[in-house]
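sequence first, then the predicted structure, then my questions.
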Amino acid sequence: MDSNTIIKKILIPSLFRLYKMDYANIKYGVSERNICARLAHHMENIMRKYDKKNKCKEFDKYYADVEYNRMGNGDLKHYENSKKRPQYMVADLLIQSRGEPENLLAVEMKRKGNNRHVKEDKERLEKLVSKTPPESEDCVFGTLVGAFITYSKDDVTIIIYEDDNGYGKQVRTEKLYYNQDTKKLSNA
């Protein structure tokens with residue numbers, strides 16, 4: 001599994017579907033948790049369709065979970081913060097196997113203009129995608145790809161995080177636009 005498959009075949013098509021089916025929730029300012037849950041719903045459907053279409057089981061053991069805070073053994077989930085200490089975390093959305101070692105995607109979502117905890121969310125994504133084991137043993141790391149998503153009724157910005165020589169880094173940005181006339185999200 002590679003990060004490009006997760007972004008291009010799962011995340012972006014899920015955002016397209018979110019804007020197609022749940023645009024009213026975005027337009028009228030329904031809570032970020034609702035938007036995140038709807039995105040997770042679309043992701044799981046797209047993961048299952050991907051496997052069926054490609055006659056594979058790439059996503060067979062994976063789920064899109066919202067507000068998830070447990071490790072595979074039931075312990076609270078932590079990441080290693082900038083002070084090298086374990087910090088409790090609740091991820092907005094994860095594509096995870098609920099027990100297998102590798103998470104595929106970690107997402108933090110914000111409505112455009114909501115700047116609360118942005119720095120902490122981005123720091124957490126960097127730590128989650130880092131392949132370097134943290135000093136604190138029971139911390140999550142090694143997630144394949146991270147995405148910081150800012151959404152509005154007009155557009156979506158996705159900042160992609162991946163491991164770069166043992167450190168999580170922002171590697172690129174994807175921008176999507178909602179066309180009011182066609183009622184569709186697009187890349188241009």
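In hand now; what should we look at?

can you confirm residue 110 is in a strand?
Yes. Using DSSP: H, G, I helix; E, B strand; the rest coil, the secondary structure at residue 110 is a strand.

so where's the longest strand in the chain?
Determined from DSSP state E, the single longest strand within the chain is strand 167-179.

biggest helix in the protein, by residue count?
Across the chain, the longest stretch assigned as helix under DSSP state H is helix 32-53.

I would like the residues contacting the next helix or strand after the longest strand of the chain, please.
Where DSSP states H and E defines the elements, the next helix or strand beyond strand 167-179 is strand 184-186. For strand 184-186, the surrounding residues in contact (C-beta atoms under 8 Å, 6 or more residues apart in numbering) are 15, 16, 19, 20, 156, 176, 177, 178, 179. All C-beta spots, glycine's among them, are computed from the backbone N, C-alpha and C.

just the buried residues out of those residues, in ChimeraX syntax.
Selecting only the buried entries of the contacts of strand 184-186 in ChimeraX, with 16 or more other C-beta atoms under 10 Å as the criterion:
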select :15,16,19,156,176,178
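
centroid-nearest residue for the chain?
residue 107 (2.2 Å; C-alpha atoms, centre = their mean).

what about the nearest residue to residue 116 once chain neighbours are set aside, how many neighbours?
Nearest residue to residue 116 in three dimensions, chain neighbours excluded: residue 110, at 7.9 Å (C-beta to C-beta, 6 or more residues apart in numbering). Residues lying near residue 110 (other C-beta atoms under 10 Å) number 20.

swap in the one 4 residues further on?
Burial of residue 114, expressed as a neighbour count using other C-beta under 10 Å, amounts to 11.
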